[in-house]
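Asks: structure for this input, please:
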Amino acid sequence: MDNKTIKEYLNRCSKCGGCQAVCPLYGETHSEPLVARGKLFLMKNYLDGNLELSPKMMELMSLCLLCKACTVQCPNRIPVDELVLSIRREIAHQKGIPFVKKNVFHHLLQNNGRLTWQPNLLIFTSRAACSGLCVKPISWVYCLANLPEKKNCCPE
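Replies: Next up is the predicted model:
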């Protein structure tokens, strides 16, 4: 999304507060900058040159769940999730990605197998616990070693 389109969306915000009523973060914290209109205000000031990418602003932009509740509630249909992702890309481009996040994403995404065995393990262990296949600790080792064969024998 280019800056012109972003500014058009930011100018469409009527600051009605509809996003505040549905924001799960606001419901927990009662912090206005966590609501969509607060984030849009910060983005607008950043794009207008009135605000820098400070650590506080970067933190606030990282605290969006991207649940789209505000987008659905918005009478002006502002795609807040897309705008937040856009500013997050800008932050990553300007300031880089934090060391921990970079390494986590690098290692998980580089080796796709690390992402695929965990759901299978969870499915199997929940089925095994319910069906009594693995009740002794030694059985757990056997069950985990033979996960591909065993997961198909458990009831749904």
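
Asks: pull the helix or strand with minimum mean pLDDT from the protein.
Replies: helix 137-145 (a mean of 47; mean pLDDT, DSSP states H and E).

Asks: okay, now residue 7: neighbour count?
Replies: Residues lying near residue 7 (other C-beta atoms under 10 Å) number 14. In short, each C-beta sits where N, CA and C put it, glycine included.

Asks: typo on my end, residue 33
Replies: Neighbour number of residue 33 under other C-beta under 10 Å is 18.

Asks: and residue 3, by the same measure?
Replies: 10.

Asks: same deal with the one 3 residues further on?
Replies: Counted with other C-beta under 10 Å, the burial measure for residue 6 works out to 19 neighbours.

Asks: low-confidence ranges, the chain, go.
Replies: 108-156 (pLDDT under 70).

Asks: where along it do the helices fall?
Replies: Listed in chain order, the helices of the chain (DSSP state H) span residues 3-12, 18-22, 24-29, 36-47, 55-62, 69-73, 80-95, 99-110, 113-131, 137-145, 147-150.

Asks: give me the helices and strands touching the second one, please.
Replies: Using 3 or more C-beta pairs under 8 Å, 6 or more residues apart in numbering; DSSP states H and E as the contact criterion, the secondary-structure elements in contact with helix 18-22 are helix 36-47, helix 69-73.

Asks: I'd like to know which elements the longest one is packed against.
Replies: The helices and strands touching helix 36-47, judged by 3+ C-beta pairs under 8 Å, 6+ apart, are helix 3-12, helix 18-22, helix 55-62, helix 80-95.

Asks: list the buried residues in that helix.
Replies: Residues 36, 37, 38, 39, 40, 41, 42, 43, 44, 46 are the ones in helix 36-47 that count as buried (16 or more other C-beta atoms under 10 Å).

Asks: and of the helices and strands packed on helix 18-22, who's closest to residue 90?
Replies: For those, proximity to residue 90 was assessed by C-beta to C-beta; helix 36-47 is nearest, at 8.2 Å.

Asks: list of residues touching stretch 82-96?
Replies: 1, 6, 9-10, 39-40, 43, 46, 53, 58, 61-62, 64, 66, 102 (C-beta atoms under 8 Å, 6 or more residues apart in numbering).

Asks: let's see that with 7 Å instead.
Replies: 1, 6, 9, 39, 40, 43, 53, 58, 61, 64, 66 (C-beta atoms under 7 Å, 6 or more residues apart in numbering).

Asks: give the contact list for the second one.
Replies: Translated: residue 6. 47, 83, 86.
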